[in-house]
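have a look at this fold, sequence not included:
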């Protein structure tokens, strides 16, 4: 049975950091999250983290978190396990998730090297997984913005919020940015409901991050399309347009599946347009053999 996204618990999180390069030694200095289900906020998490290193001038100019503010803050060895416990059994979400996940996984590796006394649960967060459990999928809200608001001039969080009518200022502190991101996320959920994209599998396949998960979804769809090709059957597609973000239903006679620039396309005769068209496989919401 497909689960509705309103029945899923999401942990929307944000980080502030000493700089932009976790592999080069930059660390998280603040992390915050809100846990939500449907329209409700269930719980909140917020903590500064002492990074045991200097904060770059560029980072301070953005977040205004000084080294004096971090002197008495708890270390990552204390904060990160509490954060992972807070988000357990929920779907992680972030605006530009690969950035935040890069830093979070770096902190997890650092904690493990320092000696994880609690043991096995301190494992890296996968960018996603081939499994369907919501706690194994990470949603990128920036990806939602690019797919649901195609063609806007920029995708900075504050600008996307303005486009959606969200009147919350971006202050570049973790908790305030989480609140802004939550408001944007809720607006996008409203848009998706109007488009009848409400099941978690479609939602996660459109907006999840990580090659393993996305390759698995695309492989399943290609297998279904290949079945139609083998049978010489038409298919009914629900399809999200990349250029307009409009969802349409199309009857298509498949002709071939091809790959261009690392993307997979179904090429076939579209009965709606009465011409041959190419459809991005990762924009196909459902496939029905006719």
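Thanks, I have it. In this text the structure is predicted, and so the values were computed from the model without any measurement.

going forward, measure contacts and count neighbours with C-alpha atoms only.
OK.

what average pLDDT does stretch 97-110 get?
Mean per-residue pLDDT for stretch 97-110: 91.

give me the distance from it to the chain's centre.
Put simply, stretch 97-110 sits 14 Å off its chain's centre (Cα atoms, centre = their mean, to the nearest Å).

now it: buried residues?
Residues 97-98, 100-108 are the ones in stretch 97-110 that count as buried (16 or more other Cα atoms under 10 Å).

CSV for these, including distance to residue 32 and secondary structure?
Below are the buried residues of stretch 97-110 laid out as CSV (distance: Cα to Cα, whole Å; DSSP: H, G, I helix; E, B strand; the rest coil):
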residue, distance to residue 32, secondary structure
97, 14, helix
98, 16, helix
100, 11, helix
101, 13, helix
102, 16, helix
103, 13, helix
104, 12, helix
105, 15, helix
106, 17, helix
107, 14, helix
108, 16, helix
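
got TSV for those residues, with distance to residue 89 too?
Shown next, in TSV, are those (distance: Cα to Cα, whole Å):
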residue	distance to residue 89
97	18
98	20
100	19
101	17
102	20
103	21
104	17
105	17
106	21
107	20
108	18
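
report how many residues lie close to residue 156.
Neighbourhood size, residue 156 [other Cα atoms under 10 Å]: 12.

same thing with the one 10 residues further on?
When neighbours are defined as other Cα under 10 Å, residue 166 has 16 of them.

same check on the one 5 residues further on?
With neighbours defined by other Cα under 10 Å, the count for residue 171 comes to 14.

over to it. Which of the three states is it?
Three-state call for residue 171 (DSSP: H, G, I helix; E, B strand; the rest coil): coil.

residues in contact with it?
Residue 171 sits next to 63, 177 when contact means Cα atoms under 8 Å, 6 or more residues apart in numbering.

show me the shaky parts of this protein.
Applying pLDDT under 70 to the chain flags the ranges 1, 115-136, 211.

show me the strands in it, by range?
Here the chain has its strands, by DSSP state E, at 9-17, 28-37, 40-48, 91-94, 138-140, 235-240, 247-260, 263-270, 275-280, 284-289.

and residue 67, which of those strands is closest to it?
Of all the strands of the chain, it is strand 28-37 that lies closest to residue 67, at 9.5 Å by Cα to Cα.

bridge partners for residue 11, pull those for me.
Here residue 11 sits in beta bridges with residue 35, residue 92, going by DSSP bridges.

let me have the strands of the chain in CSV, extended by distance to residue 214 and mean neighbour count.
What follows is the strands of the chain, written out as CSV (distance: least, Cα to Cα, whole Å; neighbours: other Cα atoms under 10 Å):
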stretch, distance to residue 214, mean neighbour count
strand 9-17, 19, 27
strand 28-37, 24, 24
strand 40-48, 29, 16
strand 91-94, 16, 26
strand 138-140, 11, 27
strand 235-240, 16, 20
strand 247-260, 15, 17
strand 263-270, 11, 18
strand 275-280, 13, 16
strand 284-289, 13, 17
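
tabulate those strands (a markdown table), appending distance to residue 190.
Converted to a markdown table, the strands of the chain look like this (distance: least, Cα to Cα, whole Å):
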| stretch | distance to residue 190 |
| --- | --- |
| strand 9-17 | 15 |
| strand 28-37 | 14 |
| strand 40-48 | 14 |
| strand 91-94 | 17 |
| strand 138-140 | 16 |
| strand 235-240 | 16 |
| strand 247-260 | 14 |
| strand 263-270 | 28 |
| strand 275-280 | 24 |
| strand 284-289 | 17 |
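
these: which one's closest to residue 78?
Evaluated with Cα to Cα, these place strand 40-48 nearest to residue 78, the distance being 10.3 Å.

for the closest one, packing partners?
Secondary-structure packing of strand 40-48 (3 or more Cα pairs under 8 Å, 6 or more residues apart in numbering; DSSP states H and E): strand 28-37, helix 76-87.

one more time with 10 Å, if that's ok
When contacts are defined as 3 or more Cα pairs under 10 Å, 6 or more residues apart in numbering; DSSP states H and E, strand 40-48 packs onto strand 9-17, strand 28-37, helix 76-87, helix 174-194.

nearest to residue 145, of the ones you listed?
Distance to residue 145, taken as Cα to Cα, is lowest for helix 174-194 among the helices and strands packed on strand 40-48, at 7.9 Å.

buried residues, the closest one. List them.
For helix 174-194, by 16+ other Cα under 10 Å, it's 174-185, 188-189, 192.
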